[in-house]
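Q: Kindly generate the corresponding structure for this input.
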Amino acid sequence: MSANVVSQDPAARGERLLQLDVLRGLSLFGVLLVNIGYFCGADSARAAGVAYPLGDFGGLAGDLVRVLLENKAAALLSILFGAGLAIQADRASDKGRSRWPFALRRSAVLALLGSVHTFLLWNVDILLDYALISLMVLPFLRLSAGRVLWAIPVVLLVSAVIAGPMLALATDLSPAQTYSLSLQHYGQGGWLDALQYRWWETLHVIGPMRLANRFVILAPFFIVGVAAWKAGWLSAPDAHRRRLRQVFVLCFGFGLVANAVPQEALHAWVNQLALQPLRVLIKATFLFAKFALTLGYAAGILLLLQRSRWRVWLGVFAPLGRMALTQYLLQSLVCTWIFYGFGLGQYGRMPLDLALALGVLLFALQVISSRWWLARFSIGPVEWLWRRLSYGGIRQRPPELAAAAAEAGQARSR
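A: Numbering: from 1, shown residues only. Below is the predicted model:
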């Protein structure tokens, strides 16, 4: 069988699944609020044990972001990314074509975008991680919904193997020393100074941390996304309403408790128990339950979208979900300009409550701008670039994309 390229052009509005766009748009809100702590330096200061200005409600708001959103928003995006891989594989199978050529090019282009983002703008980027995890997941896309979940131990093992050599590159500097360097180069230096420091930090601080933590956390959610799509939970959630309620009650409730309990207090209590196996079991249960909150979010949103009123309200975030890649990169452009020395220089200075409030304002503007853009164009600019490069070049224009553009033009002329 010949390895032909499968069309992955933007689906017509009537063919898109609202629930996927809404989930993606809301996930981007969580990602922004979590990343604000890194942009402004508050999270680095906390890791270093250094005082950071919190403002009137920054302490409470920061705790809520860590409990409710940290790792969860990125994990929810991972579920959607895994579902996207399964959708591509299904389209390839329906047309009798190989899923590998387009999927590999698509991952390679995403890795390129992530590398540019990492080294030139902001090295807490997640695109490169998603691209590499996608390569791990591709071999399992042929498995059924039930069997593909058995791939989770495999991707965890591969993630651990990848992380091992990179940890040797980690610096011996303390968190307080690296935070001091960040204040100097990000908060006070120009763009070239920040660029040079970012390369060093990526190789010796952020890079090892990303490989050691993110792969293990996010790769299983890619598999969960594949399984959720194959089982029909994401494509036809109304047919799985009873199961979604069960997942929401169990995962949201237990996950909320597991994330709200202070880890120091939990470990102090568990360590007093006499039975070692029981101590291990409780700690492991709470560790996995922390990520159950992600599944609770997904199930809850899917249930709300089955109600007409909530479908209208939550549908506001769908345009943002359709151009999430563009808006994710735009978040980095705006926030680095606000906080870094080549912009307003607020790194380590702006109170956390004000930084989070600006994040909410930026997200609102992104919702509005996404709606404005998609009223005039069929696809976001970076999404357009991603798809064009995935086809092998800027000049090549797939016929389906040309047809979509022509249809959009006709709709505007009416």
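Q: Mark out where each domain of the protein begins and ends.
A: Using automatic domain parsing, the domains assigned to the chain come out as 13-375, 376-414.
Q: Could you pull up the mean pLDDT of the first one?
A: pLDDT averaged over domain 13-375 equals 91, rounded to a whole number.
Q: elements contacting the helix or strand harbouring Phe29?
A: Assessed by DSSP states H and E, Phe29 sits inside helix 18-40. For helix 18-40, the packing partners by 3 or more CB pairs under 8 Å, 6 or more residues apart in numbering; DSSP states H and E come out as helix 42-48, helix 58-68, helix 72-94, helix 276-304, helix 308-314, helix 318-322, helix 324-339, helix 352-374. C-beta here means a position set from N, CA and C on the backbone, and glycine is covered the same way.
Q: would you turn those into JSON lines with mean neighbour count and distance to Ala103?
A: Putting those into JSON lines (neighbours: other CB atoms under 10 Å; distance: least, CB to CB, whole Å) gives the following:
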{"stretch": "helix 42-48", "mean neighbour count": "20", "distance to Ala103": "34"}
{"stretch": "helix 58-68", "mean neighbour count": "17", "distance to Ala103": "33"}
{"stretch": "helix 72-94", "mean neighbour count": "22", "distance to Ala103": "6"}
{"stretch": "helix 276-304", "mean neighbour count": "18", "distance to Ala103": "24"}
{"stretch": "helix 308-314", "mean neighbour count": "12", "distance to Ala103": "30"}
{"stretch": "helix 318-322", "mean neighbour count": "25", "distance to Ala103": "21"}
{"stretch": "helix 324-339", "mean neighbour count": "20", "distance to Ala103": "17"}
{"stretch": "helix 352-374", "mean neighbour count": "18", "distance to Ala103": "26"}
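Q: what's Leu112 in contact with, if anything?
A: With contact taken as CB atoms under 8 Å, 6 or more residues apart in numbering, Leu112 is in contact with Leu389.
Q: just the helices in the stretch 151-300 of the chain please.
A: If DSSP state H, counting those that start in this stretch is used as the criterion, the helices of the stretch 151-300 of the chain fall at 152-167, 175-182, 191-201, 207-209, 215-230, 241-247, 253-260, 263-270, 276-304.
Q: can you list those helices in a markdown table and add distance to Asp129?
A: As requested, the helices of the stretch 151-300 of the chain are arranged in a markdown table below (distance: least, CB to CB, whole Å):
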| stretch | distance to Asp129 |
| --- | --- |
| helix 152-167 | 10 |
| helix 175-182 | 20 |
| helix 191-201 | 16 |
| helix 207-209 | 10 |
| helix 215-230 | 7 |
| helix 241-247 | 26 |
| helix 253-260 | 22 |
| helix 263-270 | 24 |
| helix 276-304 | 16 |
